[in-house]
Structures are given as structure tokens and as C-alpha cells.
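Asks: here are the coordinates; sequence isn't available:
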């Protein structure tokens, strides 16, 4: 091969490598540059520069983003700071949701009470279209994989008890993999002396149903600091992996508790851990029966038999701060014993399911999130002349993120 041709091919290969490296979802180019070319659909901040401001004069400028696989862009400043007098609209609000429609009904062909009292549902994080559900205590210590139409895919058993399973959650755990968390926490008579949750590595669903598969598990026993209580809702903070429990009460505000971290299998029935109470001064619907947290760690949905509310982490806040928000009402199906609700893996949909509750079928219902308008606003009245350098970060409900550096000059 001629030397000139060999050099050209080497340069071409290097250019292709650079292009591939640019497609990681982060755009750290400076405010005045166009940034790297990213693959179609990649979440990115498309605004490249900001207009100058005038000291003492009102300022308002939009910053736009596009792409990603989720909805509900949330904005933050991940480095530096804005000019004095200016603020960023973090978009830290609940989403808007469309009407729920039925996708199918949960399979009732297994018999033995299996899938007749579905009390929790989560979307798989790694297997699109797969959901895990569980029954209330009647069907024993099993959980099930189904699809969005309610078709049965697989049964999993754990070698443990099932006194009163009330919810299932999904979230991170040891080894950087996703786990299912099952909550044996129901206590209608408010008389149990201790409770437990189970942790199971999210299983891979076989192509065709097999005999029930035993799933290895860890269990963690606990008590509440204020004594016994009834609970039907478990959430996991995707940022820290911390499980939270939300009390079921007929009237008044529920108590919220979280586990100390890391979880420890030394918390046995004879040596349970005491949970940590979380301040909960927000607005809650009555008789909460299920909930879920979005994969980006920014939002939570809590539902009762006939109503639901969604909450968002406030700007600069933590998962604990969710429970001090007013939230936003979400219109959900009622009429049966609805005790299960979850986000899709990318946060763009809500799924809710019911016990059969004496009816002919147990429908699964789905609603879509209304698309985000794709921008945030920097506004206010600058109080000091000069320049400020900062980095904006945008995140969608699927956990995708992108950043861009800006400089804003105030004359």
C-alpha cells in the first residue's frame, strides 16, 4: 500500500473513533461552540451561547434541550454559579399525564389464587415490556413476570414466609445490578412485632414459561420506632438504593420511614433494625395502597384505591424532601381494589393494576406522560456587572443526562 493511502486510512479510522466517543450523552463544549455531533436521539443541550445582560435590567433567556429516551426534563447547575440576581428554573415539578386505557387483563388461569390479588407491580429495568407482580399473602412466597397485556411469563418462588406481602419495588443494590424488593409489611390489625423485606436479583425471564424457578434472596427484618403500623407502599431511592415505606392510614397523614444503609442480613427476626422516620408534612391522599419511584430519582407516584398524587424532588433537595411537597393529583382508574402502580422503565408511562376483587377480570391500565416543552429559563435582574461561568445539566425521566458549559456576561 502506498504510504499516502495508508496515512489517509489511518486518519479516517481515527476520525471515526472520535465520532463514536462523542456519542456518550454528555456535551461539555463551551458556550460559544457548536459541540460534537451526537447520534440521533441522544439527550443534548442545543443552546450554545447566552445573550449578555445589563446590570439592573430584567433578564430572561431560554436554554433548550432535545433527545433522550424519557420525558420530564429536570435542570440543575452542576458547576460554577449564575450571576448575582439570576435564577434557574429547575423544572422540579410533577409531570402531566393523559387518560388511562386498558392494555389487557392479568392472567387468571394459574389457579390456586395465583394472580388474583395482585398487590404490587414494577417494570423491569433491563427487559423492555416485562413487569414483575406479586399476590397478597394467599398465594404463598412467589412473584411473577407478566407482560403489559397481563400474559403470564414465569413464576419465581423464594424460600421464605409470606405473612402479608403488600408491595414490590425495583432499584440498585450491591454489585451495581438491579434488584427486586418485596415487602412483607401488611398489618391490618396493627399487631405485628416485626416485619421484613426481601431482596432478589432481577431475574432474566425465559422465552417460554417453565416450572416455578427458585430465586435466591436476602431478607432484612425491622421494627418501626413508634411501634406497629400497617403499610402497603414501598419505594426505592434510585440515587442511594434506600428502601422507603409509606404507611396506610384511613385519615390523616401517613408516616414515612426509611432503612439505614447499607442493608444488613444481620437484621434477623431476633435482632431487627429500627427504621428511621422521615418528616412527612406534605399533602397525601387517603388509604395509600401502592407506589413507585422513577428511575431518575426525581419523582414518586403514590396511589390509593381511587386516587393518586405525583411528587417531585425540589431543586437542591433529596429524596426525603419528596414527602413534604403538595404533589399533583393524577386521575387513576378506580372501581376495583387497585393496589399497584409503577412507572415504565423510562418514566414515560404509568401502569396500574388491580386485584380481581370479585369482578370478571383484573385489568392493567396505562397512561402516557405529556411531552416536556424542552427548555428551561434563566431569569431575574442582575445586581452585579461581570462574567459568570457555569455548567448546566439536564436529565430526563430515564436517567439520561447531558451538560454544557456557559459564560454569561453582565455589562
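Replies: Sure, I can see it. Fair warning: this is a prediction, and the values are worked out from it, not measured in the lab. Numbering: from 1, shown residues only.
Asks: going by C-alpha atoms from here, please, whenever you check contacts or count neighbours.
Replies: OK.
Asks: OK, contacts around residue 331?
Replies: Residues near residue 331 by Cα atoms under 8 Å, 6 or more residues apart in numbering: 99, 307, 308.
Asks: the nearest residue to the first one once chain neighbours are set aside: neighbour count?
Replies: Same thing as residue 99. In space, and not counting its chain neighbours, residue 99 is closest to residue 367: 5.6 Å by Cα to Cα, 6 or more residues apart in numbering. Residues near residue 367, counting by other Cα atoms under 10 Å, number 20.
Asks: and residue 367, how far from residue 360?
Replies: Residue 367 sits 22 Å away from residue 360, going by Cα to Cα, to the nearest Å.
Asks: ditto for residue 261
Replies: With the distance defined as Cα to Cα, residue 261 ends up 43 Å from residue 360.
Asks: just residue 214 next, same as before
Replies: Using Cα to Cα, residue 214 is found at 31 Å from residue 360.
Asks: ok, those two, which is more surrounded?
Replies: Under the criterion of other Cα under 10 Å, the comparison of residue 214 against residue 360 puts residue 214 first, with 12 against 9.
Asks: domains of this protein?
Replies: Domain assignment for the chain, taken from automatic domain parsing, gives 33-91+372-410, 101-368.
Asks: among those, which gets the worst mean confidence?
Replies: Note on the domains of the chain: lowest mean pLDDT is at domain 33-91+372-410, with a mean of 91.
Asks: could you point out which element follows whichever helix or strand residue 289 is part of?
Replies: Using DSSP states H and E, residue 289 falls within strand 288-293. Following strand 288-293 in sequence order, the next helix or strand is strand 299-304 (DSSP H and E).
Asks: contacts for that following strand next, please.
Replies: With contacts defined as Cα under 8 Å, 6+ apart, strand 299-304 is touched by 94, 233, 285-294, 308-313, 322, 338-342.
Asks: before we move on, the earlier item: correct me if wrong: the residue nearest to residue 99 contacts residue 343.
Replies: No: in this structure residue 367 lies outside contact range of residue 343 using Cα atoms under 8 Å: 9.7 Å.
Asks: what's the burial count for residue 326?
Replies: 15.
Asks: make that residue 100, sorry
Replies: Neighbours around residue 100, by other Cα under 10 Å: 18.
Asks: check which helix or strand the nearest residue to it once chain neighbours are set aside maps to.
Replies: Spatially, and ignoring its direct neighbours in sequence, residue 100 is nearest to residue 367 (4.4 Å; Cα to Cα, 6+ apart). In this assignment (DSSP H and E), residue 367 forms part of strand 363-368.
Asks: next secondary structure element downstream of that strand?
Replies: Sequence order places strand 375-380 as the next helix or strand after strand 363-368, per DSSP H and E.
Asks: and that following strand, what other elements does it pack with?
Replies: strand 59-66, strand 86-88 (3 or more Cα pairs under 8 Å, 6 or more residues apart in numbering; DSSP states H and E).
Asks: could you dump those to TSV with mean neighbour count and distance to residue 410?
Replies: Output for the helices and strands packed on strand 375-380, formatted as TSV (neighbours: other Cα atoms under 10 Å; distance: least, Cα to Cα, whole Å):
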stretch	mean neighbour count	distance to residue 410
strand 59-66	17	10
strand 86-88	17	11
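Asks: which one of the ones you listed lies nearest to residue 181?
Replies: Between residue 181 and the helices and strands packed on strand 375-380, the tightest spacing by Cα to Cα is seen for strand 59-66, at 33.6 Å.
Asks: tell me which helix or strand comes right after that closest one.
Replies: Using DSSP H and E, the helix or strand that directly follows strand 59-66 along the chain is strand 74-80.
Asks: which residues sit against that following strand?
Replies: Against strand 74-80 from outside (Cα under 8 Å, 6+ apart): 88-92, 315, 376, 388-396.
Asks: closest to residue 151 among the residues you listed?
Replies: For the contacts of strand 74-80, the nearest to residue 151 is residue 396 (29.8 Å; Cα to Cα).
Asks: the spatially most central residue of the chain: what's it in contact with?
Replies: With distances taken as Cα atoms, centre = their mean, residue 294 lies nearest the centre of the chain, 1.3 Å away. Residue 294 is in contact with 238, 300, 343, 345, 346, 347, 397, 398, counting by Cα under 8 Å, 6+ apart.
Asks: dump the residues you listed to a markdown table, plus neighbour count, secondary structure and distance to residue 68.
Replies: Shown next, in a markdown table, are the contacts of residue 294 (neighbours: other Cα atoms under 10 Å; DSSP: H, G, I helix; E, B strand; the rest coil; distance: Cα to Cα, whole Å):
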| residue | neighbour count | secondary structure | distance to residue 68 |
| --- | --- | --- | --- |
| 238 | 21 | coil | 18 |
| 300 | 25 | strand | 20 |
| 343 | 26 | strand | 17 |
| 345 | 26 | coil | 13 |
| 346 | 21 | coil | 10 |
| 347 | 24 | coil | 11 |
| 397 | 25 | coil | 9 |
| 398 | 21 | coil | 8 |
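Asks: before we move on, the earlier item: overlap of the contact sets of residue 367 and residue 343?
Replies: 349, 350, 351.
Asks: beta partners of the nearest residue to the last one once chain neighbours are set aside?
Replies: Meaning residue 351. Residue nearest to residue 351 in three dimensions, not counting chain neighbours: residue 366, with 4.5 Å by Cα to Cα, 6+ apart. On the basis of DSSP bridges, residue 366 is bridged to residue 101, residue 351.
Asks: was I right to think residue 366 contacts residue 100?
Replies: Yes: Residue 366 is in contact with residue 100 according to Cα under 8 Å; the separation is 5.0 Å.
Asks: residue 67: which of the contacts of strand 74-80 is nearest?
Replies: Nearest to residue 67, judged by Cα to Cα, of the contacts of strand 74-80 is residue 396 at 9.1 Å.
Asks: contacts only, for residue 192.
Replies: Contacts of residue 192 by Cα under 8 Å, 6+ apart are residue 228.
Asks: so how far is residue 260 from it?
Replies: Taking Cα to Cα, one finds residue 192 at 21 Å from residue 260.
Asks: what do you get for residue 283?
Replies: Remark: distance between residue 283 and residue 260 (Cα to Cα) = 25 Å.
Asks: which one's more surrounded, these two?
Replies: More neighbours surround residue 283 than the other of residue 283 and residue 260, with 17 against 14 (other Cα under 10 Å).
Asks: need the three-state assignment for that one.
Replies: coil (DSSP: H, G, I helix; E, B strand; the rest coil).
Asks: my read is that it contacts residue 326, right?
Replies: Yes: here residue 283 reaches residue 326: they are 4.7 Å apart, a contact under Cα under 8 Å.
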